[in-house]
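>>> I would like the atomic coordinates for the input below:
(4 chains)
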Number of protein chains: 2
Amino acid sequence: MPEPKYQRIADDLLLQIDQGALRPGDRLPSEPELSEAYAASRNTVRLAIASLMNRGLVVPRQGLGTFVAEEIIPYTVRLSAEQGSQEGSQGGAYVSAVKMAGRNPEILRFVVEVQHAADDVAERLDIPAGESVVVRHAERLIDGQPWSMLTSYYPMDIASGTPLERAGHIAHGAIRLLAELGHEQISYRDEITARMPDLTEYNFFHLPGGVPIIAVDRTAYDAQRPIRFTRHIYPADRNRMAYDLGTLPDRYAGLPKQPPRPPGRPGSTQRAS
Amino acid sequence: MPEPKYQRIADDLLLQIDQGALRPGDRLPSEPELSEAYAASRNTVRLAIASLMNRGLVVPRQGLGTFVAEEIIPYTVRLSAEQGSQEGSQGGAYVSAVKMAGRNPEILRFVVEVQHAADDVAERLDIPAGESVVVRHAERLIDGQPWSMLTSYYPMDIASGTPLERAGHIAHGAIRLLAELGHEQISYRDEITARMPDLTEYNFFHLPGGVPIIAVDRTAYDAQRPIRFTRHIYPADRNRMAYDLGTLPDRYAGLPKQPPRPPGRPGSTQRAS
DNA sequence: CAGTGGTCTAGACCACTGC
DNA sequence: CAGTGGTCTAGACCACTGA
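Numbering: from 1, shown residues only, chains lettered A, B, ... in the order given. Predicted coordinates for the structure are as follows:
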């Protein structure tokens, strides 16, 4: 048997989804129905469905059935700073950007603490591993939905004795505060990776199966040294990151309202089995 | 039973991996062994292992056993252009950048064709959907390993009658050629998303389970309009994207040689179940 | 209530690996 | 060859949902 039976079933369902016979929101045939239709045991049918779940194509709902995943309109996060208005982190920049997009931002579970720097944090801040750092953690919502988690790390010698090491919001944003402290942010490096979520992320974002997260690690510098390291975690199904480099022609400078369909390799909609 | 048995087994194995009792490359106990140890059926054990596979933590090898996934040192892709040396695509920029990192670049399956623009491509190029576009597709290797796939789309009126619509490499890179054609690239927008791989990507990259791909969609502009749209696909387990914005202090300007451990939420190594 | 997916068992045969 | 994971069956009981 060159093609396992469960894969044939999965391919068949996939085809129906791709061709539109099953549209987003539609219910799949129940497991007993599929079992009958393909002359397979229920376990085999479940294997097929599991492979679709792992790719985020279908979502099971207890007592109801299994449904083709709905398409989500991604929110575009602009990560390149316009001149003069550097992008903040916990600060007002996020709130105003989201409001401008006609959506409602909230901030949850704001936590401030002192930790020993892990290897990756220490390397970015150019301090010895294990050194104390001030950590500010926040969880953001948009329109009541969990949208991103972020954690900022400040070198102790910069944050110590400032509002940064105390809980609560920073009046005009952390970047402004850092500048007043003599550490004007003049550059940053972003490092972007993607992976499957860990348990915390999975729970916070209510992620369905088959949805990775995008991690944006931003190291901010003043003229001499790193002044802050921030890790943003975004669920990949409802976010996309954007960088504008150079000056775009005026009419293309805005962000698209209605983003086109999510990227795939055009001309082949087939998914991995 | 608040905790299903298969999840308890998965959590237990996860703990052993996190705590180092099982290190990368180690073989897990065989399924019959686990079945015995946890007083569970083999199917239940397999359920537990499947959940670890879906997160890319373990890799099964037929006839040998199931092994803890090896760590991979990611290659850092610098996506921000330095002034004066705009980043190319199929061109020499990639080859020289990789060589500079002491690795061996190759290009596979170079394909050039004319297609009708899909919605997303048409929107980026600001042309009507279905319009003809010149498509150039390439697959890249580094050190013999599949590393990225890229597809560039050119508006017909720009590429027509030029080397762009013919197969083969462009002498000094496509950007230089575009400039000579009167379309100097002065800016671009990158849009970054992540998702699970489709079948083509899965096969080309030899992806283990639980590894997403990163898609970088770059729209390049001259002073007036979009002149090219490029979609890069990178496997997320061996690549990270980097943007430098502003001028970094000299000693921090280079890319890190030995990247630190992959990002997670520091202080909690637990993964989703 | 009947129907759905979630969990679990106890078997079976196969293909592949290293010895 | 014996041991591994890959596939598959035919049952069972449960928790959850909507009517």
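>>> switch to C-alpha atoms for all contacts and neighbour counts from now on
Noted.
>>> where does the stretch 1-150 of chain A come near chain B, residue by residue?
A:54, A:55, A:56, A:80, A:118, A:119, A:120, A:123 (Cα under 8 Å from any Cα of the partner chain).
>>> between those, which has the most around it?
With neighbours set by other Cα atoms under 10 Å in any protein chain shown, the maximum within the residues of the stretch 1-150 of chain A next to chain B is found at residue A:55, which has 23 neighbours.
>>> Wasn't that residue part of a strand?
No - if the criterion is DSSP: H, G, I helix; E, B strand; the rest coil, then residue A:55 is coil and not within a strand.
>>> Beta-bridge partners for residue A:192, please?
Here residue A:192 sits in beta bridges with residue A:216, residue B:241, going by DSSP bridges.
>>> what does the model give it for pLDDT?
Listed pLDDT for residue A:192 reads 98.
>>> need the contact list for it.
A:214, A:215, A:216, A:217, B:240, B:241, B:242 (Cα atoms under 8 Å, 6 or more residues apart in numbering or on different chains).
>>> and the closest residue to residue A:167 other than its chain neighbours, helix, strand or coil?
Nearest residue to residue A:167 in three dimensions, chain neighbours excluded: residue A:112, at 5.4 Å (Cα to Cα, 6 or more residues apart in numbering or on different chains). What three-state DSSP gives for residue A:112 is strand.
>>> What ranges in the stretch 51-200 of chain A fall below the confidence cut-off?
A:82-102, A:171 (pLDDT under 70).
>>> Which stretches in it count as strands?
A:58-61, A:65-68, A:75-78, A:105-116, A:132-142, A:145-155, A:187-195 (DSSP state E, counting those that start in this stretch).
>>> ok, the fourth one: who's next to it in the sheet?
In this case it means strand A:105-116. Using DSSP bridges, strand A:105-116 pairs in its sheet with strand A:132-142 (antiparallel).
>>> Residues in contact with the strand it pairs with: which ones?
In this structure, residues lying in contact with strand A:132-142 by Cα under 8 Å, 6+ apart are A:90, A:98, A:103-117, A:146-156, A:159, A:164-165.
>>> which bits of the stretch 1-150 of chain A sit near DNA strand C?
Within the stretch 1-150 of chain A, the residues that sit near DNA strand C (Cα under 7 Å from any atom of the strand) are A:1, A:28-33, A:43, A:60-66.
>>> Return a PyMOL selection command for the buried portion of these.
To isolate the buried ones among those in PyMOL, judged by 16 or more other Cα atoms under 10 Å in any protein chain shown, type:
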select buried, chain A and resi 28+31+60+66
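>>> can you count the residues close to residue A:109?
A count of nearby residues for residue A:109, using other Cα under 10 Å, gives 10.
>>> circling back: check the residues of the stretch 1-150 of chain A next to DNA strand C against DNA strand D and report the nearest one.
Relative to DNA strand D, the closest of those is residue A:63; by Cα to the nearest atom of the strand it sits at 3.5 Å.
>>> What residues of stretch A:160-171 count as buried?
Residues of stretch A:160-171 classed as buried by neighbour count (16+ other Cα under 10 Å): A:164, A:165, A:166, A:170.
>>> ok, and of the residues you listed, which contact chain B?
Okay, of these, nothing touches chain B (Cα under 8 Å from any Cα).
>>> From those residues, which land in helices?
Using DSSP state H, the subset of the buried residues of stretch A:160-171 located in helices is empty.
>>> wait, which of those is closest to chain B?
Nearest to chain B among the buried residues of stretch A:160-171 is residue A:165, at 18.3 Å by Cα to the nearest Cα.
>>> I am finished for the moment; much appreciated.
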